[in-house]
Each structure stands twice: as C-alpha cells, then as structure tokens.
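Visitor: return a 3D structure for these sequence lines:
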Amino acid sequence: MQRIEEIRRAVESGYPKLMEKLIFQALTEDISPAEIMESALVPAMNSIGRLYQNDECELMQILVVARCVQKGMDILLPQLEPQNRFVLGKVILGTVEGDLHDVGKKLVAVMMQSVGFEVIDLGVDISGKRFVKAAKEHPDASIICLSCLLTTSMRAMRNAVELIKGDKSLSHLRVMVGGCPITESFARSIGADAYTENAAEAAQLAKKFVLDGRNAP
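Guide: Reported below is the predicted structural model:
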C-alpha cells in the first residue's frame with residue numbers, strides 16, 4: 001500500500017514531521033493503527049537495525065529512527081481499540097546499577113511496544129533490589145529485561161539476575177539480558193533465560209515466550 005510505504009520511508013529517513021502528517025492521512029483513509037505499526041514502523045526499525053548491525057549506518061541515524069518510531073507509537077497506541085491494546089502483557093526494563101547508558105534500552109522499549117507489550121521503563125542505574133521491587137509492584141509483568149553497556153556493570157547484572165531468580169514469588173518471570181559486553185555464554189552463566197543481540201530480536205523472543213506460555217497445557 002502506497003501510504004504505508006510512504007510512512008516507512010519517512011521513518012527510515014528520520015523525518016518525524018512528515019511521518020506524523022502521513023500517519024494522520026493514513027488514519028483518515030481508514031488504515032488501522034495496528035496496520036501502520038506492523039507494516040510501516042516495525043519494518044523501518046528492523047531495517048535500520050540490520051544496517052547498524054552490518055556497520056552500514058551510524059548510531060545517530062538509528063537514534064533518529066528510534067525517536068521517529070516512538071513518536072509514531074505515541075500517536076497510534078491511544079487509537080487502538082481497547083481489546084487490541086497490550087495483548088501480550090507487560091515488560092519491565094532498565095539499565096543495571098552503575099551504568100547510565102540508555103540507548104539500547106530505549107530501542108528495546110520501542111520494539112517491545114511495537115509488538116504489543118506495555119513497557120515499564122525503570123531508567124538507568126537500577127539496582128537488583130529495585131528490579132525485584134518493580135516486579136512485585138507489577139505482578140502481571142511476565143518479563144524483565146536488563147541492559148548494560150559497560151563491562152564494569154556486568155557484575156551488577158549478575159547480582160540483579162541472582163536476586164530476581166532467588167525470589168520464589170518471581171518464579172514466573174523470564175529474565176532477558178543484552179548490551180554491548182554481554183554474550184550468550186555470559187547470559188547462561190548468570191542464570192538469565194535469554195540473550196539477544198538487538199532490540200528487534202528481543203521483542204520477538206519476548207513475544208514467543210508469552211505466546212508459548214499461553215499455549216502450554
């Protein structure tokens with residue numbers, strides 16, 4: 001569809017005002033908010049993410065696109081029918097203690113929203129105890145995502161996972177980790193349930209966790 005393609009190109013080019021104009025035009029043309037998200041915003045985010053992974057674009061470019069996607073989501077989410085909102089559940093995320101970086105976390109938040117999650121973003125420099133507290137404040141959350149960019153924060157990530165996993169009342173939670181210094185082997189060694197290399201993969205894996213849980217006997 002031409003309008004959807006125009007929105008996608010505007011997002012990939014980092015033109016928020018044009019994107020906003022096109023989104024409102026699409027809505028007046030009876031294109032659903034869900035279709036705009038699924039066919040324009042998410043593919044644009046995935047596309048720029050692949051370019052960044054392959055060193056074909058700069059970090060600033062992916063940040064611009066992420067801001068566009070977030071602005072688009074802010075327009076579209078309130079317009080979804082109530083029964084179509086946050087059908088997958090709730091995700092808690094934050095950057096671990098001692099780390100003030102939030103680029104990766106913000107990208108994960110955008111992608112989680114795009115596939116249907118409500119996101120509780122705790123921010124940066126979050127202690128293990130704060131993650132546990134947030135999980136208890138939101139008992140309907142099914143996933144906690146921990147991020148870090150600094151190697152010096154890996155110990156804090158380990159501690160946070162241990163605290164979460166050590167609390168029997170939180171045994172239903174899946175713990176996902178990611179960030180520049182994190183590897184799959186490290187994730188396994190600290191007891192995390194999953195590791196992903198990028199925000200798009202994190203969102204798809206979180207979605208799979210929830211759907212598999214719903215389909216379990």
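
Visitor: contacts for stretch 69-76 next, please.
Guide: 7, 11, 16, 19-20, 23-24, 33, 36-37, 40-41, 44-45, 106, 110, 113-114 (Cβ atoms under 8 Å, 6 or more residues apart in numbering). (C-beta placed from N, C-alpha, C; glycine too.)

Visitor: how about the residue nearest the centre of the chain, what does it touch?
Guide: The centroid of the chain falls nearest to residue 108 when counting by Cα atoms, centre = their mean (2.6 Å). With contact taken as Cβ under 8 Å, 6+ apart, residue 108 is in contact with 93, 145, 147, 178, 199, 202, 203.

Visitor: show me what the residue nearest to residue 193 when sequence neighbours are not counted is bridged to.
Guide: Using Cβ to Cβ, 6 or more residues apart in numbering and skipping the chain neighbours, the partner closest in space to residue 193 is residue 174 (4.5 Å). Going by DSSP bridges, residue 174 is paired in beta bridges with residue 143.

Visitor: show me what contacts residue 174?
Guide: With contact set as Cβ under 8 Å, 6+ apart, residue 174 has these partners: 142, 143, 144, 193, 194, 206, 209.

Visitor: check residue 127 too.
Guide: 97, 156, 160 are the contacts of residue 127 under Cβ under 8 Å, 6+ apart.

Visitor: Throw those residues into TSV and include distance to residue 62, thanks.
Guide: Shown next, in TSV, are those (distance: Cβ to Cβ, whole Å):
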residue	distance to residue 62
97	26
156	25
160	26
